[in-house]
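Undergrad: got a sequence here, can you model it:
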Amino acid sequence: NSLEVIETASAYLEENYGKKRPVFGGQKTESLPAAQRASQAALLAPVLRGLASSYKKMVGTFTDTDVVLQFINSNDLGKLAPMGTSCPDHFLRTKISPLVLDIPADIDLSDPTSLKADLEKEFQAYREMYADYYEKHKHPNSPAMRDPNPVIILWPGVGLFSFAKDKQTSRVASEFYINAINVMRGAEAVSSYVSLPLQEAFNIEYWLLEEAKLQRMPKEKPLSRRIALITGSAGGIGKGIAERYIQEGACVVVTDINAERLAETEAAMQKKYGKDVFLGVTLDVTDPKSLKKAMQAICLKFGGLDIIVNNAGISISKAFESHTEEDWSKLLDILVKGQFDVSQAGVKILRQQGLGGDIINIVSKNALVAGPKNVAYGTAKAAQLHMSRLMAAELGEDKIRVNVVNPDAVIENSNIWEGGWAENRAKAYGIEVKDLPAYYANRTLLKESVKTSDIADAAFAFVSGMLDKSTGNMLNVDGGLAAAFPR
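TA: From the prediction side, this is the model:
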């Protein structure tokens, strides 16, 4: 019976859309082309995320479906959006009403931070509106006012942003607001839309039982509300760090130059963790176009970035006279320039957000130890290490911490065995390839092999909140090598 009634009502609404007047009063604003919408949204998302995170850090979602565009580009947007939603399930997720941005869709965003002061005024007006709503409708025993920032942000011509404590919540908030749009469209097609009275809305939003449910939510994990980009993370150390960060509550962007390997990792992670906590992006750290595309994908998926882990790398082991110009350039391009380019692109986002952040550079004990047949690799690693110090010295004023993890001989699930590296290292040490793992373990003070999980532990320690006053530092995770002791 319920299905029959619903389908009958749905059919009636379909017959009446646009019959009496254009849907939502017709189009007022023209949408940008899809590619331009994505570009504009990605450029502005970090600024919006920073403003929406003035109370607590938020994770974002962007959508520009036809339903959204029809509503935000309409003549009735100014009338209907402030009225708020009519269903308790809707506004509990979305707040009573959205923030509508008063900026052109095609505004120049080459420097989005120049807009920040104007947008701050719009956000502040919304916060004051929400505080006024709370003060006018609260009861003597009402819970304290919650975060007054908007959850739903509408940008005519571009799309809908939503911000919440995690990706799933922000995604669901956008889905609920789209449902609210459908309610408005149906009501306006046959009559006129009426929202829930504000006092009734408040009574539901601040219902004591609802507050009790919120208070009983599990404690947030250490990396909750954080978004991490890890280069070279389809396997080995990078994958270990990615999984540890996800387990600690972060949203993680897994990248790799090997698309096939990345696809396998994506499938495994989606099965293990679900679709909301990670994003897979093919990334060549030596290609500016690839990097720009990856950063756009991150901002569209999560709204911004908090942690950058530079892990992408290769190993080439040859005698000094055997190194080629190509070897030298390849190592310096991937390890040194790659670290610089990824960090520079990431720092741009971190600064737009104004929330600080972390950069973790996975370097090597070879940055400190002069070993045989390793001149180009060791030189590149030393450059990575000192670049990290220089970055820490410059980025501290933005509350961006830069720290280094120095692994050694992490062979587990690594590509390091490829390209003749294992054979060359074994030859340098005068042993057989099969004896390399035991050789590496026995040369340490602890006589232990170093695992990917050991490096993941170190990468987590720097961003866990326990070392928030640490920057410009390095942590050796090598089983104990006296030659690598800092001095």
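Undergrad: from here on, contacts and neighbour counts on C-alpha atoms
TA: Will do.
Undergrad: all helices of the stretch 201-350 of the chain, in order?
TA: Assigned by DSSP state H, counting those that start in this stretch, the stretch 201-350 of the chain shows helices spanning 208-215, 236-247, 259-273, 288-302, 325-331, 338-353.
Undergrad: next, format the ones you listed as CSV and append mean pLDDT.
TA: Compiled in CSV, the helices of the stretch 201-350 of the chain are given as follows (pLDDT from 0 to 100):
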stretch, mean pLDDT
helix 208-215, 89
helix 236-247, 96
helix 259-273, 94
helix 288-302, 97
helix 325-331, 95
helix 338-353, 98
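Undergrad: elements contacting the top strand by length along the chain?
TA: Using DSSP state E, we find that the single longest strand of the chain is strand 400-407. Contact here means 3 or more CA pairs under 8 Å, 6 or more residues apart in numbering; DSSP states H and E; on that basis strand 400-407 packs against strand 357-362, helix 375-395, helix 452-463, strand 474-477.
Undergrad: minimum distance to Tyr126: which of the helices of the stretch 201-350 of the chain has it?
TA: helix 338-353 (18.8 Å; CA to CA).
Undergrad: name the residues that touch the closest one?
TA: 46-51, 112-113, 285-286, 288, 291-292, 295, 304-306, 308, 310, 312, 356-357, 359, 361, 384, 398, 400 (CA atoms under 8 Å, 6 or more residues apart in numbering).
Undergrad: leaving out sequence neighbours, find the closest residue to Gln199.
TA: His137 (5.8 Å; CA to CA, 6 or more residues apart in numbering).
Undergrad: show me what contacts the one you found?
TA: Per CA under 8 Å, 6+ apart, neighbours of His137: Leu198, Gln199, Phe202.
Undergrad: out of those residues, which end up buried?
TA: Leu198, Phe202 (16 or more other CA atoms under 10 Å).
Undergrad: relative to Met58, which of the contacts of His137 is nearest.
TA: Using CA to CA, the contacts of His137 come closest to Met58 at Phe202, 23.0 Å.
Undergrad: which pLDDT value goes with the closest one?
TA: Note on Phe202: pLDDT of 93.
Undergrad: with the one 5 residues further on instead?
TA: According to the per-residue confidence, Trp207 scores 91 in pLDDT.
Undergrad: buried among the contacts of helix 338-353? Make that a PyMOL selection.
TA: In PyMOL, a selection of the buried entries from the contacts of helix 338-353 looks like this (16+ other CA under 10 Å):
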select buried, resi 46+47+48+49+50+51+112+113+285+286+291+295+304+305+306+308+310+312+356+357+359+361+384+400
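Undergrad: export the contacts of His137 to JSON lines and tack on distance to Tyr429?
TA: Listed next are the contacts of His137 as JSON lines, based on distance: CA to CA, whole Å:
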{"residue": "Leu198", "distance to Tyr429": "76"}
{"residue": "Gln199", "distance to Tyr429": "77"}
{"residue": "Phe202", "distance to Tyr429": "72"}
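Undergrad: in strands, which of the contacts of His137 appear?
TA: If you go by DSSP E, these have nothing in strands.
Undergrad: ok, of the contacts of His137, which one's closest to Leu77?
TA: Leu198 (19.3 Å).
Undergrad: what's the pLDDT at the closest one?
TA: 92.
Undergrad: just list the residues touching it, thanks.
TA: Tyr133, His137.
Undergrad: hmm, try it at 10 Å
TA: Contacts here follow CA atoms under 10 Å, 6 or more residues apart in numbering; on that basis Leu198 touches Met83, Gly84, Ile96, Tyr133, Tyr134, Lys136, His137, Ile204.
Undergrad: equivalent analysis for Arg401, please.
TA: Arg401 touches 307, 356-360, 388, 391-395, 462-463, 467-473, counting by CA under 10 Å, 6+ apart.
Undergrad: buried ones from those, can you make that a PyMOL selection?
TA: Buried subset of the contacts of Arg401, written as a PyMOL selection, criterion 16+ other CA under 10 Å:
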select buried, resi 307+356+357+358+359+360+388+391+392+395+462+463+471+472
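Undergrad: just the CA trace of stretch 221-237, in PDB.
TA: Extracted C-alpha coordinates of stretch 221-237, given in PDB (Å, rounded to 0.1, in the frame of the first residue of the first chain):
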ATOM      1  CA  LYS A 221      40.700   8.300  16.400                       C
ATOM      2  CA  PRO A 222      44.000  10.300  16.400                       C
ATOM      3  CA  LEU A 223      43.900  11.000  12.700                       C
ATOM      4  CA  SER A 224      40.200  11.600  12.500                       C
ATOM      5  CA  ARG A 225      39.300  14.600  10.300                       C
ATOM      6  CA  ARG A 226      42.800  14.500   8.600                       C
ATOM      7  CA  ILE A 227      43.500  14.000   4.900                       C
ATOM      8  CA  ALA A 228      46.800  12.400   3.900                       C
ATOM      9  CA  LEU A 229      48.500  12.100   0.500                       C
ATOM     10  CA  ILE A 230      51.200   9.400   0.200                       C
ATOM     11  CA  THR A 231      53.300   9.100  -2.900                       C
ATOM     12  CA  GLY A 232      54.500   5.800  -4.200                       C
ATOM     13  CA  SER A 233      52.000   4.000  -2.000                       C
ATOM     14  CA  ALA A 234      50.600   1.100  -4.000                       C
ATOM     15  CA  GLY A 235      53.000  -1.200  -2.200                       C
ATOM     16  CA  GLY A 236      55.900  -1.500   0.300                       C
ATOM     17  CA  ILE A 237      56.500   1.300   2.800                       C
END
